[in-house]
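Peer 1: Pasting the sequence and the predicted coordinates here, then a few questions.
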Amino acid sequence: MTGRVDFYVLKTANVEQRWTFACRLAEKAYLRECSVIVLAATAADAQRLDDLLWTFDERSFVPHRLCLDAAAADPATPVTVTAGTLAPTASAGLLVNLAERLPADPHRFARIAEIIDADEGRRRLGRERFKVYRDLQLPLETHRLDASADA
């Protein structure tokens, strides 16, 4: 089912810029009526992303829900922010992966966005995920972005 995996490579190691870019991707997908799951690395990161989706752009409205319990996910919510393991039945038009690991069964998502910043540890883990996606024969695209990049 996966149409492709996009790697967005930022020039900065600023975590806030990485998260803001994730919010812009989620907004763009929502405006195209695409369901979105934003997968954060930790519950604290998911909470921060939930807050940021309300404030990253004063002109934006991205209806979303923070869902830390996979069983409580609401498929009617356009954008779901979560951390940890996704429910086996979870799927979306776009998975924005901010976690440091590959999502389980990546084929269930129409598209996956990996946002990699300049932090060397995150770059290394991103390269490892790139190799796994390649081994799974998923179509890959890399987008190198400057510091002021928009989604």
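Peer 2: In hand now; what should we look at? For clarity, every value in this text was computed on a predicted model and none was experimentally measured.
Peer 1: just the helices in the protein please.
Peer 2: According to DSSP state H, the chain carries its helices in the segments 15-31, 43-55, 120-135.
Peer 1: closest to Leu68 out of those helices?
Peer 2: helix 43-55 (5.5 Å; Cβ to Cβ). Yep, even glycine has a C-beta here, placed from its N, CA and C like the rest.
Peer 1: Enumerate every residue touching the most centrally placed residue in the chain.
Peer 2: For the chain, Val96 is the residue whose C-alpha lies nearest the centre (Cα atoms, centre = their mean; 1.4 Å). Contact partners of Val96, counting by Cβ atoms under 8 Å, 6 or more residues apart in numbering, are 22, 25-26, 36-39, 113, 115.
Peer 1: One more pass at 10 Å, please.
Peer 2: 6, 8, 19, 21-23, 25-26, 29, 36-40, 49, 79, 81, 109, 111-115, 151 (Cβ atoms under 10 Å, 6 or more residues apart in numbering).
Peer 1: and if you look at Cys67?
Peer 2: 37, 46, 50, 73-74, 77, 80-83, 86-87, 90.
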